[in-house]
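> dropping the sequence and predicted coords here.
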Amino acid sequence: MAHSIHINQRIRENAQNISAALESHMMTIFAPDARKELRLFSAGEAAELLGISTSFLRKLHFDGKIPDVHTTPGGRRHYSAADMIEIRKILETTAKTSGAYLRGRREGDKVQVLSFLNFKGGSGKTTSSVHAAQRLALKGYRVLCVDVDPQASLTTLFGYRPEYDFLQSGTIYDAIRYEDPLPLSQIIQQTYFTGIDLAPGGLMLQEFEHETPQALMGNIQPPFFARMAAALQEVEANYDVIIFDCPPQLGYLTMSALCASTGVLITVVPNMLDIASMSQFLQMSADLLDVVSNAGANMEFDFLRFLINRYEPNDGPQQQVVAFMRQLFGEEVMVSPMLKTTAISDAGLTQQTVYEVERSQFHRTTYDRAVDSLNLVNDEIESLLQQAWGR
Ligand SMILES: Nc1ncnc2c1ncn2[C@@H]1O[C@H](COP(=O)(O)OP(=O)(O)O)[C@@H](O)[C@H]1O
Ligand SMILES: [Mg+2]
């Protein structure tokens, strides 16, 4: 056969080509070992995040109630995420009702653990989890992101190169593995994004899928579905919210994350094929959850929501699918969908989120539309947390 190819060899070559191309792409984005940095925020952005008016913010500076911040030669103030946390603390001391500016957990509140879930890749799990984490952090919540996906997209977004930085160790796998698990605190990384810590993901996580059947036979405790929750116990007091970015499959990793969760967000692209596959996904999830529930897993959730992603308001068929979902699932479908927007994919090209890029780098209406949509979604998630805390 003149034209036969060795498929394994071709795949390997392709993999090497992609890896080399990516490496050089990364080099052009940021120099090796250069660290990502969080930008400063305008007075308008700071006021919006703090929940006050820009004139009140100006007055606070004028009255000397809050510390000076970075000011441009033109007199414009710019706020770091740390400045905003400082201002929050000061405002809280003068607020009439407690928790007006520091909205995280209080004495007796349990930590909120959210899983972003769907077994389809590309439904927006990583995109929605990272934007939720960042918005919540900018609003003063202490957030831990846990990258449960061996593909480690979330870890990459935080400026790490999982295939170099955490090839042998340093991922969440180390904390949930069956042999000599490490305390989670030893693998948690403080990220450049103020208020967000990360438990990295990476290929090593795949080991958990391979080792679990054996561990089940050997009756190693705790069993797979309780290992994530067990690992979190050590550190949960340090956080208001813990966010799992799950892999696109319903394996042991996903089940373990799910069983540690208090809230579940299922990301859905509103087209009939995706809904059909989601129906299978839900059926399988329910069956598996029955099994682990019988084995003693915790199945108490505060909420489950469908998060519609890549929504195009002018697309007729999409509108029908969304209407169908709302009819079917009622209030379990989030009120605000995440719009399909080039701002998300454009920001992604430089490994950034919409909250990280500067408005001036984008077409204004595109940027504003994206930010508005993301804010509505994430503020809805925030109110679910508040409700779970009984507020
Ligand atoms: N609302 C959106 N609009 C435009 N692009 C999006 C949107 N949501 C996700 N994407 C893009 O789609 C791709 C897959 O999204 P991702 O969040 O990685 O999905 P998952 O984690 O479910 O596999 C990414 O390149 C992301 O930038
Ligand atoms: Mg992902």
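That came in fine, so what should we check first? Ligands and ions are numbered 1, 2, ... in the order given.
> which residues touch the residue of the chain found nearest ligand 2?
Per CB to the ion, Thr126 is where the chain lies closest to ligand 2, at 3.3 Å. To be clear about C-beta, it is placed using only N, CA and C from the backbone, and glycine gets the same treatment. For Thr126, the contacting residues are Phe116, Asp149, Ser153, Leu154, Leu157, Asp245, by CB atoms under 8 Å, 6 or more residues apart in numbering.
> Ala95 and Glu48, how far apart?
18 Å (CB to CB, to the nearest Å).
> for Lys120, same thing?
33 Å.
> which SS state does Arg305 fall under?
What DSSP: H, G, I helix; E, B strand; the rest coil gives for Arg305 is strand.
> for it, what are its contacts?
Gly263, Val264, Leu265, Ile266, Glu332, Val333, Met334, Leu384.
> what's the burial count for the last one?
Applying other CB atoms under 10 Å, we find 19 residues neighbouring Leu384.
> was I right to think it contacts Phe303?
Yes: the pair Leu384 / Phe303 is scored as a contact, 5.3 Å apart, by CB atoms under 8 Å.
> what is in contact with these two at once?
Gly263.
> that's a strand at Leu198, yeah?
Yes: counting by three-state DSSP, Leu198 is found in a strand.
> hang on, the earlier thing: top of the contacts of Arg305 by neighbour count?
Leu265 (27 neighbours).
> does any bit of the helix or strand where it lies sit next to ligand 2?
With elements taken from DSSP states H and E, the one containing Leu265 is strand 263-268. No: using CB under 5 Å from the ion, strand 263-268 never reaches ligand 2; the gap is at least 9.4 Å.
> for this structure, what lies in contact range of ligand 1?
121-127, 153, 248, 309-310, 338, 340-341, 344-345, 348 (CB under 6 Å from any ligand atom).
> from these, keep the buried residues only.
The neighbour count (16 or more other CB atoms under 10 Å) marks 123-127, 153, 248, 309-310, 338, 340-341, 344 as buried among the residues of the chain next to ligand 1.
> okay, and which of those residues map to helices?
Judged by DSSP state H, the subset of these located in helices is Lys125, Thr126, Thr127, Ser153, Ile344.
> closest to Asp372 among the residues you listed?
Ile344 (13.0 Å; CB to CB).
> check which helix or strand the residue nearest in space to the middle of the chain maps to.
Among the residues of the chain, the one closest to the centroid is Ser129, at 2.3 Å (CA atoms, centre = their mean). Counting by DSSP H and E, the element that carries Ser129 is helix 125-138.
> the stretch 101-250 of the chain: helices as residue ranges?
Listed in chain order, the helices of the stretch 101-250 of the chain (DSSP state H, counting those that start in this stretch) span 125-138, 153-157, 162-165, 173-176, 206-217, 224-233.
> a markdown table for those helices, including distance to Gln320?
A markdown table is the format used below for these (distance: least, CB to CB, whole Å):
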| stretch | distance to Gln320 |
| --- | --- |
| helix 125-138 | 23 |
| helix 153-157 | 31 |
| helix 162-165 | 40 |
| helix 173-176 | 42 |
| helix 206-217 | 37 |
| helix 224-233 | 37 |
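> of those helices, which shows the lowest average pLDDT?
The stretch with the lowest mean pLDDT among the helices of the stretch 101-250 of the chain is helix 162-165, at a mean of 90.
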